[in-house]
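fold the following and give me the result.
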Amino acid sequence: MENHFYLVATPESLISSHLNPFDFGNYMAVGTKKNLKSQSVFFEVDPDKLNLPMDYIREKLVAYPDGEPKRSVYLSIYRVFEQTPLEALKNLYLVTDDGKVLEIAASEYSESNKEIHLYQQYNPFKTRVASKLSPPEFVRFLTDTAKPVSVPTLFFVELQLNELAKNPNAPLNNLPYRNPAHLRECLIKLHQSKERLTKTVLREEKSELPYRTIKTGFFIGSKQNFKFYPFPLHEELESSYFSWWRSALVQHF
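Coordinates of the predicted model:
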């Protein structure tokens, strides 16, 4: 059986598996008896660019006696993102809570217009932040070790603000964010202060992310380098990825 290796953000872990990315995503979301319901976000990684415990993997990543593949062998659960070089990252996978999997390849990022952004961080913390900084600037800002507060690696997604990005008094319309009055207050404070670059909206996001709120896509960066995984356009979601998109729009219980 072929061995696969995954860097999982939910929760942070490095896992080896016999399952291909789509089967692995389904397994992470619903389990073997379909009695789980949880999103999963993970990268497939290149084992040749990692320092892996190969003896341990050969011992543990073994098919069951009946030939059934080994679904998961945990290799690390602590500070995994910062120990994984960006060049080891392959495609990104987003899994709905009923096990539908969307594959996203890395792409070049084009700078957006100067406006306020909303970022949901996945690692090393789950803070939601409004910022005047573009995604590449945000990566450089938080991974700058010359500052008293910095992180070695940052993984986050940019979320939609729609008209709020330019006018904090604009209507929310269909944005499903909790405590919209607080979000608006944070955006107003950013507009009013020339010095302030970021404002915390939520100290920790404890619920699952509504995928429909994603704007540009996912970013992962370390120091001066970053990778961008673009979220499909709405037209693509409605056509090429309709099954996944329909699942993403429904909360399953």
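
now do the contacts for residue 76.
Residues near residue 76 by Cβ atoms under 8 Å, 6 or more residues apart in numbering: 13, 14, 83. Where you see a C-beta, it was placed from the backbone N, CA and C, and this is true even at glycine.

specify the beta-bridge partners of it.
Following DSSP bridges, residue 76 is listed with bridge partners residue 14.

equivalent analysis for residue 158, please.
Under DSSP bridges, the beta-bridge partners of residue 158 are residue 119.

picking up where we left off before, just among the contacts of residue 76, which is most surrounded?
residue 14 (22 neighbours; other Cβ atoms under 10 Å).

ok, the contacts of residue 76 vs residue 95, which is closest?
residue 13 (14.4 Å; Cβ to Cβ).

next up, the contacts around the residue lying closest to the closest one once chain neighbours are set aside.
With Cβ to Cβ, 6 or more residues apart in numbering as the criterion, residue 13 has its nearest non-adjacent residue at 4.8 Å, and that residue is residue 77. For residue 77, the contacting residues are 11, 12, 13, 14, by Cβ under 8 Å, 6+ apart.

show me what the lengthiest helix in the chain is packed against.
Determined from DSSP state H, the single longest helix within the chain is helix 180-192. Secondary-structure packing of helix 180-192 (3 or more Cβ pairs under 8 Å, 6 or more residues apart in numbering; DSSP states H and E): strand 128-131, strand 198-202.

got the domain ranges for this protein?
Structural domains assigned to the chain are 4-104, 117-231, following automatic domain parsing.

A helix includes residue 32, no?
No: under DSSP: H, G, I helix; E, B strand; the rest coil, residue 32 falls outside any helix and is assigned coil.

contact partners for it?
Neighbours of residue 32 in contact, by Cβ under 8 Å, 6+ apart: residue 71.

nothing else from me, thank you.
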